[in-house]
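Q: next input, structure requested:
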Amino acid sequence: MTKAPITIASFLLFCSTFLLPVSAAPSAAALHRAPKAAGVPIITDATRRAMYLAAFEQNAALTYVQANLIATGLPLTVFREALLGYYSLQRQGAVSADKQVLTVIDFSRSSRTKRLWVIDLQRQHLLFNTLVAHGKNTGEEFAEKFSNVEGSEMSSLGFYRTGRTYQGKHGLSLKLHGLDPSYNTNAHDRSIVVHGAEYVSEAFVQQHGRLGRSQGCPALPTNLSSEIIKVIKGGSAIYIHGPANAGYNSDWLQLDGALLGFARSKGMPVS
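A: Below you'll find the model as predicted:
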């Protein structure tokens, strides 16, 4: 029953590999002349790189299908970006290897839609899919503007590591540590946290035509916030994706770094 969907997803992921920018997926010839950028590794063994890439794409396709992410509206390209960052972060030890849970937020979608996903990568299972708010100065129904500046009351794009929990004015809340320089590294100082809020609900959407907005925090429905926070706390990865015109560009999305992190996590030989 699952052969056809897996084949289709594998094909789409395979095609997406060759649609990556040249800087993310260098040619075989370029591998031997491109200098190694600071902090961004280059795999010079073309055979080994091809092996890592094939295994990564197969794993990504299988996870996408098994977790039934297409039915929830998570774009394949966004999921793949999140995985690239996740394995790059793992390679650097920036997120916990013991927390194989990935949270994806797609702020290119309407706030009326369920645009947050929590995925168990080990079991290839979708744990949560729900509403999430963006900052009040980021936009109305759609998120349009983003900032890393204190007092902006805007959302910030990029990759985060979850921290510790605390009891705040919104109940159980979760501190976040931004990992993308110039995009979200002020998150901790700005008190950008995961918390529940009454304005994140289907009832609010029905009354106002859009979701309520936060002061920059990815706020969740109150009936799910504590449960989600308990699952993702303590070093897991969050990826907040934005619209194409947001201009987000991160070293965490470099393909070779992600492939090395993936290979290491799967016990493949890494020299």
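
Q: what residues of the top helix by length along the chain count as buried?
A: The helix of greatest length in the chain, counted in residues with DSSP state H as the criterion, is given as helix 46-66. Residues 48-49, 52-53, 56-57, 59-66 are the ones in helix 46-66 that count as buried (16 or more other Cβ atoms under 10 Å). (Glycine included, C-beta is placed from N, CA and C.)

Q: stretch 98-115 now?
A: Across stretch 98-115, burial judged by 16+ other Cβ under 10 Å covers 99-109, 111-115.

Q: so of these, which ones are in strands?
A: When those are checked against strands using DSSP state E, the ones located there are 101-106.

Q: now do the longest helix of the chain against strand 101-106, angle only.
A: Between helix 46-66 and strand 101-106, the angle formed by their directions is 80 degrees, by axes from the mean of the first three to the mean of the last three Cα atoms, to 10 degrees.

Q: packing partners for helix 46-66?
A: helix 3-17, helix 28-31, helix 76-92, helix 255-265 (3 or more Cβ pairs under 8 Å, 6 or more residues apart in numbering; DSSP states H and E).

Q: now the last one: average pLDDT?
A: Over the span of helix 255-265, the pLDDT mean works out to 97.

Q: what distance separates that helix from the centre of its chain?
A: Average the C-alpha atoms of helix 255-265, do the same for its chain, and the two points are 16 Å apart (Cα atoms, centre = their mean, to the nearest Å).

Q: hmm, residue 108 and residue 244 touching each other?
A: Yes - Residue 244 sits in contact with residue 108 when judged by Cβ atoms under 8 Å, with a separation of 7.2 Å.

Q: what mean pLDDT does stretch 59-72 get?
A: 97.

Q: one more: stretch 181-199?
A: The average of the pLDDT scores along stretch 181-199 is 97.

Q: got the buried residues for it?
A: Counting neighbours by 16+ other Cβ under 10 Å, one finds that the buried residues in stretch 181-199 are 183-187, 190, 192-197, 199.

Q: swap in stretch 217-227?
A: 217-222, 224-226.

Q: for those, give me JSON lines that also has distance to residue 170.
A: Below are the buried residues of stretch 217-227 laid out as JSON lines (distance: Cβ to Cβ, whole Å):
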{"residue": "217", "distance to residue 170": "9"}
{"residue": "218", "distance to residue 170": "12"}
{"residue": "219", "distance to residue 170": "8"}
{"residue": "220", "distance to residue 170": "10"}
{"residue": "221", "distance to residue 170": "12"}
{"residue": "222", "distance to residue 170": "8"}
{"residue": "224", "distance to residue 170": "13"}
{"residue": "225", "distance to residue 170": "8"}
{"residue": "226", "distance to residue 170": "10"}
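
Q: just these: which are in strands?
A: Among those, the members falling in strands (DSSP E) are 220-221.

Q: closest to residue 174 among the buried residues of stretch 217-227?
A: The closest of those to residue 174 turns out to be residue 225 (Cβ to Cβ; 8.8 Å).

Q: next up, the contacts around the spatially closest residue to that closest one that is not a sequence neighbour.
A: Excluding the flanking residues, the one nearest residue 225 by Cβ to Cβ, 6 or more residues apart in numbering is residue 196, at 3.1 Å. Taking Cβ atoms under 8 Å, 6 or more residues apart in numbering, we find residue 196 in contact with 170-172, 219-226.

Q: repeat that with 7 Å
A: Under the criterion of Cβ atoms under 7 Å, 6 or more residues apart in numbering, the neighbours of residue 196 are 170-171, 219-222, 225-226.
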